[in-house]
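Novice: Quick one: sequence and predicted model below, then my questions.
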Amino acid sequence: MFASAFLIPQQKGRSLVDDSTWDDERWFSHAENLLRGRYSFPRKLAAETLRKATGHRKLSGDTASAAEQFGNIELFVAQLASAASPPLMRSMILKRLAISAGLIFYGTAMLIPDLTEDGIGVLAVLKAAAWIGLVVWCVMSWRPKRIAADIQERQASRHTDASSLSAHQADD
């Protein structure tokens, strides 16, 4: 198995989106979607960040398309995301809320009927033990220190993403 790791060829990353034929409206709309989806920008901050880019574009008086002026959309958005560093607290909290809600639902809908029926079985005890482990993990993830570490990790990931995309551009 160890030898097969060297024999399997390394996969190249996917190629960047070809946005050279896009009109400005589509380009900026896709840029906003990338900021909101890939980089977890709130809608208001994504629009504000792109408004600055369009303002710069208007001030320069350049008649070229957005794709020609700013380059590839994925590279541009990655650089914006790493430079803008929006607050990630909201997305971290929403993620934790969703996981917590799922655990509460699972505990009430699946475990309570199993544990209240006549004769608690081994499967019910195993489910309860797994649920308790997940609840402990979830509670630990709500610690401010853990949230701060996750935010730093996400920000470092954004910088790495922008760097790797820039390296991808240099390779082309």
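Specialist: Sure, I can see it.

Novice: burial measure for D24, as a count.
Specialist: 14 (other C-beta atoms under 10 Å). The way it works is simple: take the backbone N, C-alpha and C, and place the C-beta from them, glycine included.

Novice: could you list every residue that touches it?
Specialist: S65, A66 (C-beta atoms under 8 Å, 6 or more residues apart in numbering).

Novice: Tell me the pLDDT of it.
Specialist: Per-residue pLDDT puts D24 at 85.

Novice: Kindly report the same for W142.
Specialist: The predicted local confidence for W142 is 90.

Novice: let's number from 78 now, not from 1
Specialist: Happy to do that; since the first residue is 78 now, the last one works out to W219.

Novice: Number of residues surrounding it?
Specialist: Using other C-beta under 10 Å: W219 sits among 13 other residues.

Novice: before we move on, what SS does A141 have?
Specialist: Secondary structure assignment for A141 (DSSP: H, G, I helix; E, B strand; the rest coil): coil.

Novice: phi, psi of it?
Specialist: phi -70, psi 160 (degrees, to the nearest 10).
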